[in-house]
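Enquirer: Compute the structure for the input listed below.
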Amino acid sequence: MLSPRTHTCGVFRAQHVGADVVVQGWAQRVRDRGGVVFLVLRDRTGTVQVTIDERSPEAVREAAKRIAQEYVLQVKGSVVERYKPNEEMQTGAVEIVATDLEVLSSTRPLPFSISGETDAGEDTRLTYRYLDLRRPTLQHNLRLRHDAVLAVRNTLSEQGFLEVETPILTRATPEGARDYLVPSRVHPGQFYALPQSPQLFKQILMVAGYDRYFQIARCFRDEDLRADRQPEFTQIDLEMSFVTRDMVMAVAESIARAMWHTTRGVDIGDIPRMTWHESMARYGVDAPDLRFGMTHVELTVTVAASTFPPIANALSEGGIVKGFVVEGAAGDTSRKVFDAWTTFVRNYGMGGLLWGKVDGGDLTGPAKKVLDDAGTLIDALGASDGDVVLIGAGDAPSVHAGLGRLRVHVAKERALIPEGEFAFCWVVDFPMFEPADDGAWTPMHHPFTAPRAEDLELLGTDRMGDILSDAYDLVCNGSEIGGGSIRIHREDVQARVLDAIGIDADEAKARFGFLLDALAHGAPPHGGLAFGLDRCIAILCGADSIRDVIAFPKTTSAQCLMTDAPDVVPSADLDVLHIATTAEG
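Expert: Residues are numbered from 1 along each chain as shown. Model prediction:
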């Protein structure tokens, strides 16, 4: 019979000696030593050793012989001091001598080991996620996630923020990815959209006078997935009225400081800032990893007179040339490695990679052909004897992306990234727009981001690419963990921005007229930011994938292997929703 639990498994210490207790949990380990059975009982708080020996009743000793790993047990007994403490267990100073033992549930054979690390593939672990979640690593990750979210809530509450929930069933709005659609039974042929973010609703809350809003918000995006993306994910979402960029960034820093201090005991120092253009020039990406060097050096002017075809052709077509140095790598970098790096950058649109080794003030390899005077190139890059130089030439987006990703790739290969360090930075002054494939302009963030006031006059002109936005991203260890902007709070400016990206007044009213109407009714200046909670927790845990910090994640093909979702819906159910499918099978 189930009895009230007196203690959880992980709480026992020397002061509990002599107590009569009732504990419940899973048998993590079972060792039968010929008349003496040792159980390690586990719940989410930890483990404790249970001993069944001559001090236990005969019925208990017999029952112990039938226990297997991961059986669910109830143990009654007395806490005693261990003859030989186990320093590897937090409860290792004591043990429980069982006076009663009841099997509450047994188990089938396990597909993989629960204790410690496992060599099971991810698909197997996701199929049996209820078992995977018992493992110490996953339990640690979810406890840390809880602590981080609690720290966020406390931090924002102390600063006067209100937690407000926004709708999950809403209407489709353009936010950069495809929407997940939900059919309406009572409105045939019409659909709700799951929110990609609470963007419009939090702006409307500012118009409504709520001043400081936050939400631990569920968001949904139908996009191609990878390790740091999920179709459904969680944001720490916030919005503030009557604020400048610096004010929003200060609140965001307080959130990051609270999470990192609470969960890792790390005190974040001053967070440096750099412009988007600086980040692209020095690192090739807009989310730079500052834990190691190998920053990029602009070489376009230095090599302007080069006649070497890869350089000359790139410059004649308006491209750029830049490079970086891998210090001390000349001795152990083979031609095979250079070939692999060349293949790597081609995946990002670069035509190839010019590499060389610095030896006696001269260069070897293809980089030697860039200039007749190798010393000029070596000096421009800041290289020394024994270093490797890597140079890219071509259109700016490809060179930035190729060398930017290569920088991180090389750092990982050569173990140059220090473990356990967290390097933060802000990236600011993003371009407002970027060219789309069809030659039109599209917002780099979203169409509700405010342009800098001094650039307003450029809207709708041939200088759209020069407009900077009042946007900001917070980066940690090469990952964007948070991003936001000051919003457009004037109806006329919002209409001009929408028109500049090809959304005329009629389409704007049809798609989000409710926001434009709200802006016309006394909207305060406002701005906000959203943290990617899953990504933050993955960095804090040192996890390679956000799937290891989400209780029930999807695969990279957006499937839940445990529930077998998505699944085919019976045609009768589709008929009720007035839906016909063209899919076969």
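Enquirer: what is the mean pLDDT for the helix or strand harbouring Trp426?
Expert: Here Trp426 sits within strand 424-428, counting by DSSP states H and E. Confidence for strand 424-428, expressed as mean pLDDT, is 98.
Enquirer: Pull up the pairing partners for it, direction included.
Expert: Here strand 424-428 has these sheet partners by DSSP bridges: strand 273-275 (parallel), strand 471-476 (antiparallel).
Enquirer: Give me the contact list for the last one.
Expert: For strand 471-476, the external contacting residues (C-beta atoms under 8 Å, 6 or more residues apart in numbering) are 245, 248-249, 252-253, 256, 271, 286-288, 422-430, 444-445, 449, 480-486, 529, 531, 536, 539. Heads up, the C-betas are built off the backbone N, CA and C, glycines and all.
Enquirer: cool, and the first one?
Expert: Identification of contacts with strand 273-275 by C-beta under 8 Å, 6+ apart yields Arg282, Pro288, Cys425, Trp426, Val427, Val428, Asp429.
Enquirer: Could you figure out how far whichever strand or helix holds Ser279 is turned away from strand 424-428?
Expert: Assigned by DSSP H and E, Ser279 belongs to helix 276-283. Angle, helix 276-283 to strand 424-428, by axes from the mean of the first three to the mean of the last three C-alpha atoms, to 10 degrees: 130 degrees.
Enquirer: moving C-terminal of the strand holding Trp426, what's the next helix or strand?
Expert: Following strand 424-428 in sequence, per DSSP H and E, is strand 433-435.
Enquirer: Tell me which other helices or strands that following strand touches.
Expert: Identification of packing neighbours for strand 433-435 by 3 or more C-beta pairs under 8 Å, 6 or more residues apart in numbering; DSSP states H and E yields strand 441-443.
Enquirer: picking up where we left off before, from the chain's centroid, how far away is the strand holding Trp426?
Expert: 16 Å (C-alpha atoms, centre = their mean, to the nearest Å).
Enquirer: now what about that strand, what contacts it?
Expert: Outside of strand 424-428, the residues within contact range by C-beta under 8 Å, 6+ apart are 245, 249, 256, 268, 271-276, 279, 286-288, 290, 471-476.
Enquirer: And for stretch 336-346?
Expert: So stretch 336-346 is contacted by Gly352, Leu353, Trp355, Gly365, Leu390, Gly392, Gly402, Leu403, Arg405, Leu406, His409, Val410 (C-beta under 8 Å, 6+ apart).
Enquirer: After the particular helix or strand that has the third one in it, which helix or strand is next?
Expert: Under the criterion of DSSP H and E, Trp355 resides in strand 354-359. The helix or strand immediately downstream of strand 354-359 is strand 362-363, counting by DSSP H and E.
Enquirer: how about CSV for the strands paired with strand 424-428, with mean pLDDT and mean neighbour count added?
Expert: Formatted as CSV, the strands paired with strand 424-428 follow (pLDDT from 0 to 100; neighbours: other C-beta atoms under 10 Å):
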stretch, mean pLDDT, mean neighbour count
strand 273-275, 98, 16
strand 471-476, 98, 24
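Enquirer: Residue for residue, what is the longest helix the protein has?
Expert: As assigned by DSSP state H, the longest helix anywhere in the chain is helix 136-158.
Enquirer: coming back round to it: CSV please, covering the strands paired with strand 424-428 and showing distance to Gly318.
Expert: Conversion of the strands paired with strand 424-428 to CSV gives the following (distance: least, C-beta to C-beta, whole Å):
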stretch, distance to Gly318
strand 273-275, 22
strand 471-476, 27
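Enquirer: on that earlier part again, format the CA atom coordinates belonging to the longest helix of the chain as PDB.
Expert: Coordinates of the C-alpha atoms in helix 136-158 are reproduced here as PDB (Å, rounded to 0.1, in the frame of the first residue of the first chain):
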ATOM      1  CA  PRO A 136      21.400  12.500 -14.900                       C
ATOM      2  CA  THR A 137      22.400  14.700 -17.700                       C
ATOM      3  CA  LEU A 138      18.900  15.500 -18.800                       C
ATOM      4  CA  GLN A 139      17.600  15.900 -15.300                       C
ATOM      5  CA  HIS A 140      20.400  18.300 -14.600                       C
ATOM      6  CA  ASN A 141      19.600  20.300 -17.700                       C
ATOM      7  CA  LEU A 142      15.900  20.600 -16.900                       C
ATOM      8  CA  ARG A 143      16.600  21.600 -13.300                       C
ATOM      9  CA  LEU A 144      19.000  24.300 -14.500                       C
ATOM     10  CA  ARG A 145      16.300  25.500 -17.000                       C
ATOM     11  CA  HIS A 146      13.800  25.800 -14.100                       C
ATOM     12  CA  ASP A 147      16.300  27.800 -12.000                       C
ATOM     13  CA  ALA A 148      17.100  30.100 -14.900                       C
ATOM     14  CA  VAL A 149      13.500  30.800 -15.700                       C
ATOM     15  CA  LEU A 150      12.800  31.500 -12.000                       C
ATOM     16  CA  ALA A 151      15.700  33.900 -11.900                       C
ATOM     17  CA  VAL A 152      14.300  35.700 -15.000                       C
ATOM     18  CA  ARG A 153      10.800  36.000 -13.500                       C
ATOM     19  CA  ASN A 154      12.200  37.400 -10.200                       C
ATOM     20  CA  THR A 155      14.500  39.800 -12.000                       C
ATOM     21  CA  LEU A 156      11.800  41.300 -14.200                       C
ATOM     22  CA  SER A 157       9.200  41.400 -11.500                       C
ATOM     23  CA  GLU A 158      11.600  43.400  -9.300                       C
END
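Enquirer: what's downstream of it, the next helix or strand?
Expert: strand 162-163.
Enquirer: What helices and strands are in contact with that next one?
Expert: helix 136-158, strand 212-220.
Enquirer: Which residues belonging to the shortest one are considered buried?
Expert: With burial defined by 16 or more other C-beta atoms under 10 Å, the residues of strand 212-220 counted as buried are Arg212, Tyr213, Phe214, Gln215, Ala217, Cys219, Phe220.
Enquirer: Tell me the helix or strand right after it.
Expert: Heading C-terminal from strand 212-220 (DSSP H and E), you reach strand 232-241.
Enquirer: What subset of the contacts of stretch 336-346 is buried?
Expert: Buried residues within the contacts of stretch 336-346, counting neighbours by 16+ other C-beta under 10 Å: Gly352, Leu353, Trp355, Leu390, Gly392, Gly402, Leu403, Arg405, Leu406, Val410.
Enquirer: In helices, which of the residues you listed fall?
Expert: Those of these lying in helices (DSSP H): Gly402, Leu403, Arg405, Leu406, Val410.
Enquirer: quick one on the thing from earlier: only alpha carbons, please: show the strand holding Trp426 as PDB.
Expert: Extracted in PDB, the C-alpha atoms of strand 424-428 (Å, rounded to 0.1, in the frame of the first residue of the first chain):
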ATOM      1  CA  PHE A 424      29.400  38.200 -24.500                       C
ATOM      2  CA  CYS A 425      29.000  41.100 -26.900                       C
ATOM      3  CA  TRP A 426      26.300  43.400 -28.300                       C
ATOM      4  CA  VAL A 427      26.000  43.800 -32.100                       C
ATOM      5  CA  VAL A 428      24.200  47.100 -33.000                       C
END
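Enquirer: what distance separates the start and the end of stretch 446-453?
Expert: Chord length of stretch 446-453, first to last residue, is 17 Å (C-alpha to C-alpha, to the nearest Å).
Enquirer: switch to numbering from 777
Expert: OK, 777 is where the count begins now, so the last one is stretch 1222-1229.
Enquirer: Pick out whichever of the contacts of stretch 1112-1122 sits closest to Thr942.
Expert: Distance to Thr942, by C-beta to C-beta, is smallest for Arg1181 among these, at 35.7 Å.
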